[in-house]
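Colleague: one predicted model, sequence on top.
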Amino acid sequence: MTQIDFYILSEDSEDARLRLACRLTEKAMHRKLGVYLLVETEGDARKLDELLWTFSQNSFVPHRLAWNLEAAVEEAVFIGCDGHAETVPFGRPEAPGWDLMINLADAVPESFGRYERLAEVVDAQPTRRELGRERYRYYRDRGYELKTHRL
């Protein structure tokens, strides 16, 4: 069963939420885990794409947009929205596995069950906080063990 962690930020800054996602991604990448960052829109994906290159002077997180795949994909980090989680090349012998999904979208991801871990990143913005509570109830009501990290 997928391990689900909620990361609750005390601030309501979109930037803080995306930066936390970048830090979680970098940490997972160093552990050689495959990461799928799920966002709400292609515009959000492009923002996160830019931030992964620049969020820290000492970091380098190679990644790819899930709809911009080529035949030979070496990256272990993908950013996508909607149904793109089904298209990433995880599971191939030369690619990392379905290790971690980081959800920055509003809804429960359809394919979260194929990942070993799901990280839900929730900030203090009222609408996103309420949507995070709804997702928490969804997972809890289905018997998932939930861990909460207040930052």
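Modeller: Nice, thanks for sending it over. Numbering: from 1, shown residues only.
Colleague: partner strands of the helix-or-strand element of the chain with minimal mean pLDDT and their direction?
Modeller: Using mean pLDDT, DSSP states H and E, the weakest-scoring helix or strand in the chain turns out to be strand 64-65, at a mean of 73. Each strand paired with strand 64-65, and its direction, by DSSP bridges: strand 77-81 (parallel).
Colleague: which residues sit against the strand it pairs with?
Modeller: Residues from elsewhere that reach strand 77-81, judged by CB atoms under 8 Å, 6 or more residues apart in numbering: 25, 29, 34-42, 44-45, 48-49, 52, 61-67, 84, 87-88, 105. C-beta here means a position set from N, CA and C on the backbone, and glycine is covered the same way.
Colleague: what's the answer for stretch 45-54, then?
Modeller: 18-19, 21-22, 25, 37, 39, 61, 63, 65-66, 77, 79-81, 104.
Colleague: if we can go back for a sec, in strands only, show me the contacts of strand 77-81.
Modeller: In strands, judged by DSSP state E, the following of those are found: Val35, Tyr36, Leu37, Leu38, Val39, Arg64, Leu65.
Colleague: format these as JSON lines; extra columns: distance to Gln125 and neighbour count.
Modeller: Shown next, in JSON lines, are the ones in strands among the contacts of strand 77-81 (distance: CB to CB, whole Å; neighbours: other CB atoms under 10 Å):
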{"residue": "Val35", "distance to Gln125": "24", "neighbour count": "29"}
{"residue": "Tyr36", "distance to Gln125": "23", "neighbour count": "27"}
{"residue": "Leu37", "distance to Gln125": "19", "neighbour count": "30"}
{"residue": "Leu38", "distance to Gln125": "18", "neighbour count": "26"}
{"residue": "Val39", "distance to Gln125": "15", "neighbour count": "24"}
{"residue": "Arg64", "distance to Gln125": "28", "neighbour count": "19"}
{"residue": "Leu65", "distance to Gln125": "25", "neighbour count": "16"}
